[in-house]
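Peer 1: no sequence for this one, just the structure:
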């Protein structure tokens, strides 16, 4: 039998043994949560960064699926496609939460790299049976004895960027020499990534200038009326950004210079995925597939001005065109757009965000309300500016 540190025997000699143990435990317990030693970790943990907050939210969401479990499948094929085999270790139905937990077991350090990919495929298989099942109603449970970098990166991406419910557990021995499961700490999964922020060039954007050729905002009453429409447009853009699974934000601001043709403007920004990937490339294996993506980065240098951000601004334009003549101008990265924003910072009227920026905004807004330090608007730009400063590096 192989041994771990301090000459303690390995919890399981094989994945088959792990599977057999969990099958027996599930027959005699109310749910998977009953096998976890440190369930109180989810209540007592104090995240120290936005990334850790997101992973904790993901853990907590998945945890709600692990009580009063009914075993739906046990290493059985769930695929609807003839000839295709998809065998999750377990599918568990939460009889109270009305959710499904996909449980994947790994007891081989060399095999754990595929664990995350398999979980994703199995979750998709579940949604083939239930197309309207929300992502939040599928808990992805990974039980592993080894946590290599690629597996931890998969978990971080699923929680931070996609927002799926994921929970990481590892088998351990108790003091009474019983096998149990333990929640992996946030820091153990995220590591140094928790302290990193996005680079300004990792977000691309532009200005949506609202030209007012009919001089509709000449009077104070007319201006107030149209600002409500602009704020509604901002809300619509945020909703569209979320629907497209984007990550970005928009500031609405007023150009106070006299006789200006476009008195109002949205600065709209979205993640430039290729730029983020380029920055995180050092140290990654240079596989043939990876080289294809690096070649696109080198040859075309995508700046994030793609279909997603275009669709977001088009959605906003639908709310504005009857009264204004919107025009997209100034295609730049956030570093350059931020410098322009600084000139009009005191003229900002609203903040509208989607993806991780929207979630952080809601968290900060809730904290402000809970602290009873005022009653900020639902699109409070000062809170939005704190979100941006917290998630994106500030140029010196």
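Peer 2: Good, I have the coordinates. Every value quoted in this text rests on a predicted model; they were computed, and no experiment measured them.

Peer 1: C-alpha only now, for contacts and for neighbours.
Peer 2: OK.

Peer 1: Work out which residue lies at the spatial centre of this structure.
Peer 2: residue 161 (2.7 Å; C-alpha atoms, centre = their mean).

Peer 1: so who does that one touch?
Peer 2: Counting by C-alpha atoms under 8 Å, 6 or more residues apart in numbering, residue 161 touches 355, 356.

Peer 1: swap in residue 313?
Peer 2: With C-alpha under 8 Å, 6+ apart, residue 313 has these contacts: 208, 237, 268.

Peer 1: quick one: low-confidence parts of the stretch 1-150 of the chain?
Peer 2: For the stretch 1-150 of the chain, applying pLDDT under 70 flags the ranges 1-8, 109-115.

Peer 1: Repeat the analysis, applying 50 as the threshold.
Peer 2: Along the stretch 1-150 of the chain, segments meeting pLDDT under 50 span 1-6.

Peer 1: Can you read off the backbone torsions of the residue nearest to the centre of the chain?
Peer 2: phi -90, psi -30 (degrees, to the nearest 10).

Peer 1: Can you tell me how far it is from residue 26?
Peer 2: Separation of residue 161 from residue 26 (C-alpha to C-alpha, to the nearest Å): 32 Å.

Peer 1: again with residue 247
Peer 2: Going from residue 247 to residue 26 by C-alpha to C-alpha gives 39 Å.

Peer 1: who has more neighbours, these two?
Peer 2: Applying other C-alpha atoms under 10 Å to residue 247 and residue 26 shows that residue 247 carries more neighbours, namely 25 against 19.

Peer 1: In terms of pLDDT, where does that one sit?
Peer 2: Per-residue confidence (pLDDT) for residue 247: 95.

Peer 1: what's near enough to touch it?
Peer 2: Here residue 247 is in contact with 241, 270, 271, 353, 354, 355, 356, 357, 358 (C-alpha under 8 Å, 6+ apart).

Peer 1: what about 10 Å?
Peer 2: 161-162, 203, 238, 241, 269-273, 308-309, 353-359 (C-alpha atoms under 10 Å, 6 or more residues apart in numbering).

Peer 1: Give me the buried entries from the residues you listed.
Peer 2: Judged by neighbour count, with 16 or more other C-alpha atoms under 10 Å as the criterion, the buried members of the contacts of residue 247 are 203, 238, 241, 269-273, 308-309, 353-359.

Peer 1: Now for residue 104, how many residues are close by?
Peer 2: Residues near residue 104, counting by other C-alpha under 10 Å: 22.

Peer 1: That one: what secondary structure?
Peer 2: On the three-state scheme (DSSP: H, G, I helix; E, B strand; the rest coil), residue 104 is labelled strand.

Peer 1: ok, now how distant is it from residue 15?
Peer 2: 10 Å.

Peer 1: hmm, back to that, what distance do you get for the residue nearest to the centre of the chain to residue 183?
Peer 2: From residue 161 over to residue 183 the distance is 21 Å, taken as C-alpha to C-alpha.

Peer 1: Can you pull the phi/psi pair for residue 148?
Peer 2: phi -70, psi 170.

Peer 1: ditto for residue 207
Peer 2: Dihedral pair for residue 207: phi -110, psi 130, per degrees, to the nearest 10.

Peer 1: ok so, going back, where do the contact lists of residue 104 and residue 15 overlap?
Peer 2: Joint contacts of residue 104 and residue 15 (C-alpha under 10 Å, 6+ apart) are residue 144.

Peer 1: Regarding this structure, what is its longest helix?
Peer 2: helix 220-243 (DSSP state H).

Peer 1: ok, then the element right after that one?
Peer 2: Using DSSP states H and E, the helix or strand that follows helix 220-243 in sequence is strand 248-254.

Peer 1: got the contact list for stretch 61-69?
Peer 2: So stretch 61-69 is in contact with 26-27, 29-35, 39, 42, 55-57, 91-102, 136-141, 164-168, going by C-alpha under 10 Å, 6+ apart.

Peer 1: hmm, which of those residues are the buried ones?
Peer 2: Buried among the contacts of stretch 61-69 by 16+ other C-alpha under 10 Å: 26, 31-35, 39, 42, 55-57, 91-94, 99-102, 136-141, 164-168.

Peer 1: Would you map the helices across the chain?
Peer 2: Assigned by DSSP H, the helices in the chain fall at 15-27, 41-44, 50-63, 115-129, 149-157, 186-190, 220-243, 273-279, 288-300, 307-320, 334-343, 355-370, 381-391.

Peer 1: Reformat these as a markdown table; add distance to residue 257.
Peer 2: Shown next, in a markdown table, are those (distance: least, C-alpha to C-alpha, whole Å):
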| stretch | distance to residue 257 |
| --- | --- |
| helix 15-27 | 69 |
| helix 41-44 | 52 |
| helix 50-63 | 38 |
| helix 115-129 | 52 |
| helix 149-157 | 44 |
| helix 186-190 | 47 |
| helix 220-243 | 15 |
| helix 273-279 | 35 |
| helix 288-300 | 37 |
| helix 307-320 | 21 |
| helix 334-343 | 11 |
| helix 355-370 | 30 |
| helix 381-391 | 21 |
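
Peer 1: winner for burial among these?
Peer 2: Of all the helices of the chain, helix 50-63 has the most neighbours on average by mean count of other C-alpha atoms under 10 Å, namely a mean of 22.

Peer 1: Distance from that helix to the middle of the chain?
Peer 2: Counting by C-alpha atoms, centre = their mean, to the nearest Å, helix 50-63 is centred 10 Å from the centre of its parent chain.

Peer 1: and the angle from that helix to helix 149-157?
Peer 2: Going by axes from the mean of the first three to the mean of the last three C-alpha atoms, to 10 degrees, helix 50-63 is angled at 80 degrees with respect to helix 149-157.

Peer 1: can I assume residue 14 is in contact with residue 107?
Peer 2: Yes. If you go by C-alpha atoms under 10 Å, residue 14 and residue 107 touch, sitting 6.1 Å apart.
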